[in-house]
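Participant: turn this into a model:
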Amino acid sequence: MSELKIVFAGDRDDAVLHQPAVRVRDFGPGLHRLLDQMLVTLRSASGVGLAAPQIGIGQRVAVVEYPEDEDKPEETKRVYELINPEIIKAKGSEVAQEGCLSIPGLSADVDRATQLIVRAQDRNGNEVRYKVYDWLARIFQHEIDHLHGVLMTDRAKQIYKLVKNAHGEIEAIPIEETLSSPSA
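Facilitator: As a prediction, this is how the structure comes out:
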């Protein structure tokens with residue numbers, strides 16, 4: 001199964017990232033192939049979530065892969081296929097830093113709900129509901145935002161540039177500091 005090209009913000013073809021995606025109505029082999037290719041692409045990019053607009057397809061489709069047990073991440077990864085997802089209940093609030101495969105080199109502080117109930121359809125068109133918490137709730141909201149044409153930078157309280165320090169570690173530097181500092 002081949003990996004797909006990720007659309008980056010600022011690319012010539014990035015308009016798909018900024019517009020609402022259309023509802024999926026065909027749950028046939030084409031959708032199944034798309035979901036499989038999206039998962040391959042997500043894994044290749046070392047991400048946790050990928051929405052169809054990020055690969056240039058304006059459909060309400062996203063995949064998420066996240067461990068059910070953070071103490072055993074490789075053994076407990078679960079794949080969520082979200083077709084036509086809707087957040088039907090959201091509770092709590094937390095600001096945390098997140099990244100995006102379509103905006104490499106940046107991260108952002110974004111306020112997200114900490115608990116969600118999401119209604120979606122599976123690859124065969126059957127309704128599914130997910131009750132998700134904390135970081136997984138953040139990932140779902142991030143991907144559902146993509147389906148509405150909203151990027152993390154649109155919701156950001158603070159944007160950071162990711163830079164390597166002298167020790168080779170990645171640091172998140174507030175973007176305004178990198179604009180005023182010639183060394184960053």
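
Participant: and the contacts of the longest strand along the chain?
Facilitator: Counting by DSSP state E, the longest strand found in the chain is strand 77-91. Strand 77-91 has contacts (Cβ atoms under 8 Å, 6 or more residues apart in numbering) with 23-24, 27, 31, 35, 39, 60-68, 113-123, 125, 129-130, 140-141, 143-144, 147. Backbone N, C-alpha and C define where each C-beta goes, glycine included.

Participant: in the longest helix anywhere in the chain, what counts as buried?
Facilitator: Ordering each helix of the chain by length in residues (DSSP state H) puts helix 29-44 first. Within helix 29-44, the residues that count as buried by 16 or more other Cβ atoms under 10 Å are 31, 34, 35, 37, 38, 39, 41, 42.

Participant: and it, what's its mean pLDDT?
Facilitator: For helix 29-44, mean pLDDT rounds to 96.

Participant: show me what it is packed against.
Facilitator: strand 49-51, strand 61-67, strand 77-91 (3 or more Cβ pairs under 8 Å, 6 or more residues apart in numbering; DSSP states H and E).

Participant: columns mean pLDDT on top of those strands, output as TSV?
Facilitator: As requested, the helices and strands packed on helix 29-44 are exported to TSV (pLDDT from 0 to 100):
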stretch	mean pLDDT
strand 49-51	98
strand 61-67	95
strand 77-91	96
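
Participant: looking at those, which is buried most?
Facilitator: strand 49-51 (a mean of 26; mean count of other Cβ atoms under 10 Å).

Participant: pLDDT weak spots in the protein?
Facilitator: Along the chain, segments meeting pLDDT under 70 span 180-184.

Participant: which residues in it form helices?
Facilitator: Counting by DSSP H, the helices of the chain are 29-44, 134-147, 152-155, 175-180.

Participant: and for residue 97, the neighbour number?
Facilitator: Under the neighbour criterion other Cβ atoms under 10 Å, residue 97 is assigned a count of 14.

Participant: I'd say it and residue 112 touch.
Facilitator: No: using Cβ atoms under 8 Å, residue 97 makes no contact with residue 112, being 11.1 Å away.

Participant: tell me the buried residues within the contacts of strand 77-91.
Facilitator: So, by 16+ other Cβ under 10 Å, the buried ones in the contacts of strand 77-91 are 24, 31, 35, 39, 60-67, 113-114, 116, 118, 120-121, 123, 130, 140-141, 143-144, 147.

Participant: quick revisit: same list, the helices and strands packed on helix 29-44, but as TSV with distance to residue 173 please.
Facilitator: Formatted as TSV, those follow (distance: least, Cβ to Cβ, whole Å):
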stretch	distance to residue 173
strand 49-51	24
strand 61-67	27
strand 77-91	31
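
Participant: of these, which approaches residue 1 most closely?
Facilitator: strand 61-67 (12.9 Å; Cβ to Cβ).

Participant: other SSEs contacting that closest one?
Facilitator: helix 29-44, strand 49-51, strand 77-91, helix 134-147.

Participant: alright, I will stop here.
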